[in-house]
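**Student:** build the 3D model from these lines:
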Amino acid sequence: MKFIFSDSLDMVDPLYDFIEDRNSPERRPYWDDTYAHELFIKPPYDGMLVSKAIVGDHRVKGKYSESQAMRFYRVGAREFLRLNDPKYSSMPIFGDCGAFSYAQEDIPPYSSEEIAEFYNSCGFTHGCAVDHIIFDFSEDLSGLEGGSEDAMRRFDITLENAEQFLKSHHEQQSTFIPLGVVQGWSPNSMAEAARRLCAMGYNYLAIGGLVPLKAPQIHSIIKAIRNAIPPSIRIHLLGFAKADVIDQFVQYNITSFDTTSPLLRAFKDDKKNYYVLNDTEDLSYFTAIRIPQATENPRLTRAAKEGKINQEVMQSLEKLSLKTLRAFDQGNASIQETLDAVISYNVFLESALHDNVAIREKLASKLEPLYRNTLESKPWKNCPCPICQKVGIEVIIFRGSNRNRRRGMHNIFEYHNRIKQLR
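**Tutor:** Got it, this is the predicted structure:
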């Protein structure tokens, strides 16, 4: 089972100055920045995935700048992602269409011929056919029962595209491995889609539409699909948001899955920001300590301009929080002293939005046990990954993209180790 990291220019400045909170002088975005696999001795994932929609074009605005997109098309995925070193030669590069980006459209903006050409010209090793997301879902339906008119239309579009994609793959003498994408509104409709894709000639299927579903629903889908197709057919899980419970799905002989969950959790989760692979070969989680940048945070800047917050006091509390936290790391401040500093800053910021004592007290009572657990455990001290070894306590501070993404990269490293154990 391969862990494929779905990338969207998730890079960091390797020379970022954490004390001054600024990028290295004359830094050039992308050119001087670093991917996770460049920071580790061995890549913290088994391959990478890039969506056509992330790269972007005149129809779908991607995350890449115009010059970055042009370079991606010119030099190909492997060189752009810096996977052209011989030590990365065995790492697969998956491509998909980024169907969520055009989910509201009547039809996908890309043709099968165009997408096949995209995968060929950019050197992808694996490519998914053009699909159209179906948002309807019900577990208790037989065969192709149920499903709205729109769901059935998208079902047909996805299968028609898959058939044309295989034809384009043959006509263009493609070298990438084609994946037929499964979409449906129930486990049985998705199983029928999988059966038809196998009949077309696909031996590798990508199951789509999983992002909004709960784990039990995903179980029912994969069970139904496995019962409908030969055991030799490989399965990929597209955008697998339930990455933390991937161990539950090993039984289905999953070949690969892609996710960004470990990285996103670093700065989009309220509690589970820092991963640790514990002695029981499972993941434990710690809460990052929030110290927002007083002068960089748009919300705080706006509050200061509106007179809701005293900027001098805010900056003073910010500096004290950082100073105390770093002193704690060096053994020069107690846990209680550190908690008092960082929680006071968080509560002060909350007062700018909610002039309510009860709300502030609730925040303090919520943060205290979470932050205490993080400070008592000091997980960054025992982590062998190069990020924690180099930046130390900075990795546990919830503050700006260079810290948050580094913490996310650490999470990817721990998560990959978990996947290797499952194998």
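
**Student:** which helix or which strand is home to residue 3?
**Tutor:** Using DSSP states H and E, residue 3 falls within strand 2-6.

**Student:** need the next SSE after the host helix or strand of residue 163, C-terminal direction.
**Tutor:** Assigned by DSSP H and E, residue 163 falls within helix 149-171. The helix or strand immediately downstream of helix 149-171 is strand 177-182, counting by DSSP H and E.

**Student:** tell me what that following strand is packed against?
**Tutor:** On a contact count with 3 or more CB pairs under 8 Å, 6 or more residues apart in numbering; DSSP states H and E, strand 177-182 meets strand 126-128, helix 149-171, helix 187-200, strand 204-207. The way it works is simple: take the backbone N, C-alpha and C, and place the C-beta from them, glycine included.

**Student:** and residue 47, backbone torsions?
**Tutor:** phi -180, psi 180 (degrees, to the nearest 10).

**Student:** that one contacts residue 259, correct?
**Tutor:** No: using CB atoms under 8 Å, residue 47 is not in contact with residue 259; the gap is 12.0 Å.

**Student:** quick one, which of those two is more surrounded?
**Tutor:** Between residue 47 and residue 259, residue 259 has the larger neighbour count (other CB atoms under 10 Å), namely 25 against 20.

**Student:** what pLDDT is listed against the more buried one?
**Tutor:** Residue 259 carries a pLDDT score of 95 in this model.

**Student:** I'd say it and residue 7 touch.
**Tutor:** No: the pair residue 259 / residue 7 is not scored as a contact, 11.3 Å apart, by CB under 8 Å.

**Student:** so what's residue 165 up against?
**Tutor:** For residue 165, the contacting residues are 112, 115, 116, 129, 130, 178, 180, by CB atoms under 8 Å, 6 or more residues apart in numbering.

**Student:** what about the second one, which helix or strand?
**Tutor:** Secondary structure from DSSP H and E places residue 115 in helix 112-121.

**Student:** now do that helix against helix 149-171, angle only.
**Tutor:** Orientation check (axes from the mean of the first three to the mean of the last three CA atoms, to 10 degrees): helix 112-121 against helix 149-171 gives 50 degrees.

**Student:** and helix 112-121, what other elements does it pack with?
**Tutor:** Partner elements for helix 112-121 (3+ CB pairs under 8 Å, 6+ apart): strand 93-96, strand 126-128, helix 149-171.

**Student:** can you say which of the ones you listed is packed in most?
**Tutor:** Compared across the helices and strands packed on helix 112-121, strand 93-96 shows the largest average neighbour count, a mean of 26 (mean count of other CB atoms under 10 Å).

**Student:** which residues are in contact with stretch 253-263?
**Tutor:** Residues contacting stretch 253-263 (CB under 8 Å, 6+ apart): 1-8, 10, 46-47, 49, 92, 94, 204, 222, 226, 231, 234-244, 246, 275, 405, 408-409, 411-412, 414-415.

**Student:** one step back: nearest to residue 347, of the helices and strands packed on helix 112-121?
**Tutor:** Residue 347 lies closest to strand 93-96 among these, at 43.6 Å (CB to CB).

**Student:** rewinding a little: would JSON lines of the helices and strands packed on helix 112-121 with mean pLDDT and distance to residue 191 be doable?
**Tutor:** Output for the helices and strands packed on helix 112-121, formatted as JSON lines (pLDDT from 0 to 100; distance: least, CB to CB, whole Å):
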{"stretch": "strand 93-96", "mean pLDDT": "98", "distance to residue 191": "21"}
{"stretch": "strand 126-128", "mean pLDDT": "98", "distance to residue 191": "19"}
{"stretch": "helix 149-171", "mean pLDDT": "97", "distance to residue 191": "12"}
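
**Student:** give me the domain ranges for the chain.
**Tutor:** Domain ranges of the chain: 2-259, 285-413, per automatic domain parsing.

**Student:** ranked by average pLDDT, which of those domains falls at the bottom?
**Tutor:** When I compare the domains of the chain, domain 285-413 is least confident, with a mean of 91.

**Student:** any idea how far apart the tips of that one sit?
**Tutor:** Start-to-end span of domain 285-413 (CA to CA, to the nearest Å) is 14 Å.

**Student:** the residue nearest in space to the middle of the chain and residue 300, how far apart?
**Tutor:** By CA atoms, centre = their mean, the mean C-alpha position of the chain lies nearest to residue 260, the distance being 1.6 Å. Separation of residue 260 from residue 300 (CB to CB, to the nearest Å): 27 Å.

**Student:** also residue 288?
**Tutor:** Distance, residue 288 to residue 300, by CB to CB: 18 Å.

**Student:** comparing those two, which shows the higher neighbour count?
**Tutor:** Taking neighbours as other CB under 10 Å, residue 288 and residue 300 compare with residue 288 leading, 24 against 21.

**Student:** residue contacts, the more buried one?
**Tutor:** 266, 267, 273, 274, 374, 396, 397, 398, 404, 407.

**Student:** take those and write them to TSV, including secondary structure, neighbour count and distance to residue 87.
**Tutor:** Shown next, in TSV, are these (DSSP: H, G, I helix; E, B strand; the rest coil; neighbours: other CB atoms under 10 Å; distance: CB to CB, whole Å):
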residue	secondary structure	neighbour count	distance to residue 87
266	helix	24	26
267	helix	18	30
273	coil	24	30
274	strand	27	28
374	helix	20	35
396	helix	26	30
397	strand	21	32
398	strand	17	33
404	helix	21	28
407	helix	29	25
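
**Student:** picking that back up, most surrounded residue in the contacts of residue 165?
**Tutor:** residue 129 (29 neighbours).

**Student:** can you read off the backbone torsions of it?
**Tutor:** According to degrees, to the nearest 10, residue 129 has phi -70, psi 160.
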